[in-house]
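Peer 1: Structure for the following, please:
(one chain, ligands or ions: 1)
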Amino acid sequence: MPHAPRSSRAGHKAANNDTLVRKPLAAFLSLAGGLVLAGTAAAGSGFEPQPPKTPGAEDITDIYYFVAFFAAVVFLLVLVPLVLFVVRYRNRGHDQEREGPQIRGNTRLELAWTAVPVLIVAAIMAFVLIKAPGINSEPAQAGDALQIRVEGRRFYWRYVYPNGAVAIDRLRVPVDRPVNLEITAPDSDVIHSYWIPELGGKFDAVPGDTNDFSFRATEVGVFPGNCGEFCGVQHAAMTAEAEVMPTETFDGWLAREGQTQARGDSDLGEAQWKGVCLKCHRLQGETYIGPNLGANTTLRQPDALEAIVRNGQGAMPPVGQGWSEREMKALTDYTRTLVSEGGGDGS
Ligand code: CUA
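Peer 2: Residues are numbered from 1 along each chain as shown. Got it, this is the predicted structure:
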């Protein structure tokens, strides 16, 4: 007999039934409210992908939303009944001695919960297989692609352009033109991962190996990114940026960098100091990752500085291994000005 009340509770039976009807509704409403809040918070805090700026990144975003849709449906299918059952069949107000109905299988239900997940996984797999080739598809038609070498280093990104110009951390590319990044890392380094979400997926920078990442940016702007592979103490500081420029602006920038770096009056030294040295050092103040350099006379001794930067020392990796002579000179020229001026740490 359902709801067999003890004599003391008989009088409350009507009221009790009323709350049993209303509470699942309350539970459902609070769950729905919680989901809306969580969704809003996720959207506000940047959990949703940034609008893609390349066709390849578009494919990745499509896959993200396709999978997220099924994930949300499954989440609700599991969680809503779970909460309803917890509330509806909770201990209070029910006879604990009573046997439940003896159910022995339900063929239709069992077929459904086998077939539906298989269909969902098949749909996701088909969608990903259709979309995946587009993620890195530019090389096929990219005979005129701009080739840029990208080196992942502890803890900065070094870009080498076809005219020999070098850049640190900020990648500059022209809009609407295929670009091919040859992503690698020196043998002396560790694995990093180049990741500018709005341009496309992550590509590992593996010592001694090269991964090609081809894309065509469709929009001018500056897009942030980060190293996507834990690579050491300053992994989180290993940020990257891509600046997509109008074609003429880019051509002008590249030609100017090529000339000034060849002449030795470029801003490369400052970029190296900020992007390479300041990832771990400060001139003065509270000690950062490595020792402060303000009182270090090596900053004024190009040969000694070059030896440390090329070979590393103690815990410091060989951050300048493989740098050309003129790259090294750009840095030593710049550090000399730092100490003689005795100025701030430039951070
Ligand atoms: Cu480089 Cu993490």
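
Peer 1: Run through the strands of the chain in chain order.
Peer 2: Per DSSP state E, the chain carries strands over the ranges 146-153, 156-160, 166-168, 170-174, 178-184, 192-194, 203-205, 211-216, 221-226, 239-245.

Peer 1: so of the ones you listed, which one's packed in deepest?
Peer 2: Among the strands of the chain, ranked by average contacts under mean count of other CB atoms under 10 Å, first place goes to strand 192-194 (a mean of 28). Where C-beta positions appear, they are placed from N, C-alpha and C, glycine not excepted.

Peer 1: quick one: the helices in the stretch 1-150 of the chain?
Peer 2: 13-44, 55-88, 107-131 (DSSP state H, counting those that start in this stretch).

Peer 1: Now do the last one: distance to the chain's middle.
Peer 2: Between the centre of helix 107-131 and the centre of its host chain there is 29 Å, according to CA atoms, centre = their mean, to the nearest Å.

Peer 1: Residues touching that helix, excluding its own?
Peer 2: Asp59, Ile60, Asp62, Ile63, Phe66, Val67, Phe70, Val74 (CB atoms under 8 Å, 6 or more residues apart in numbering).

Peer 1: So for that helix, what gets flagged as buried?
Peer 2: Buried residues in helix 107-131, counting neighbours by 16 or more other CB atoms under 10 Å, are found at Ile124, Lys131.

Peer 1: What residues does the chain have near the ligand?
Peer 2: Gly152, Phe155, His192, Cys227, Glu229, Phe230, Cys231, His235, Met238 (CB under 6 Å from any ligand atom).

Peer 1: are any of the residues you listed buried, and which?
Peer 2: Buried members of the residues of the chain next to the ligand, counted by 16+ other CB under 10 Å: Gly152, Phe155, His192, Cys227, Glu229, Cys231, His235, Met238.

Peer 1: Out of the residues you listed, which is nearest to Thr298?
Peer 2: Lowest distance from Thr298 to those (CB to CB) belongs to Phe155, with 20.2 Å.

Peer 1: before we move on, back to that, quick check: the farthest pair among the buried ones among the residues of the chain next to the ligand?
Peer 2: Maximum pairwise distance in those, criterion CB to CB, is 11.8 Å, between Phe155 and Glu229.

Peer 1: about what we covered before: winner for burial among the helices of the stretch 1-150 of the chain?
Peer 2: It is helix 55-88: most buried of the helices of the stretch 1-150 of the chain by mean count of other CB under 10 Å, with a mean of 14.

Peer 1: Contacts only, for Trp157.
Peer 2: With CB under 8 Å, 6+ apart, Trp157 has these contacts: Val150, Glu151, Ile168, Asp169, Leu171, Tyr194, Cys227, Met238, Ala240, Gly275.

Peer 1: repeat that with 10 Å
Peer 2: If a contact means CB atoms under 10 Å, 6 or more residues apart in numbering, then Trp157 has 150-151, 167-171, 183, 192, 194, 205, 225, 227, 238-241, 275 as its contacts.

Peer 1: Ok, Ala240 next?
Peer 2: 150, 152, 156-157, 159, 169-171, 192, 194-196, 223-228.

Peer 1: and it, bridged to which residues?
Peer 2: Beta bridges link Ala240 to Gly225 when assigned by DSSP bridges.

Peer 1: again, but for Asp204
Peer 2: According to DSSP bridges, the residues that bridge with Asp204 are Ser193.

Peer 1: Check whether it really touches Val150, as I assumed.
Peer 2: No: taking contacts as CB atoms under 10 Å, Asp204 lies outside contact range of Val150: 11.2 Å.

Peer 1: Overlap of the contact sets of these two?
Peer 2: The contact sets of Asp204 and Val150 overlap at Ile183, Thr184, Ala185, His192, Tyr194, Asn211 (CB under 10 Å, 6+ apart).

Peer 1: Without its sequence neighbours, what residue ends up closest to the fourth one?
Peer 2: For His192, ignoring the flanking residues on the chain, the nearest one in space by CB to CB, 6 or more residues apart in numbering is Gly152 at 3.0 Å.

Peer 1: Please name the bridge partners of the one you found.
Peer 2: Listed by DSSP bridges, the beta-bridge partners for Gly152 are Trp157.

Peer 1: thinking it is in contact with Thr210, fair?
Peer 2: No: contact between Gly152 and Thr210 fails when scored by CB under 10 Å: they sit 11.5 Å apart.

Peer 1: what do the two both touch?
Peer 2: Common contacts of Gly152 and Thr210 (CB under 10 Å, 6+ apart): Ile183, Thr184, Ala185.

Peer 1: neighbours of the last one, just the number please.
Peer 2: Spelled out, it's Ala185. Neighbours of Ala185 under the rule other CB atoms under 10 Å: 24.

Peer 1: Looks like it contacts Gly208 (just checking).
Peer 2: Yes: look at Ala185 against Gly208 with CB under 10 Å: they come within range, at 7.8 Å.

Peer 1: show me the contacts for Phe223.
Peer 2: Applying CB under 10 Å, 6+ apart to Phe223 gives the contacts 50, 53-54, 57, 171, 196-199, 217, 240-244.

Peer 1: which one of those sits closest to the ligand?
Peer 2: Proximity of the contacts of Phe223 to the ligand was ranked by CB to the nearest ligand atom; the top entry is Ala240 with 9.4 Å.
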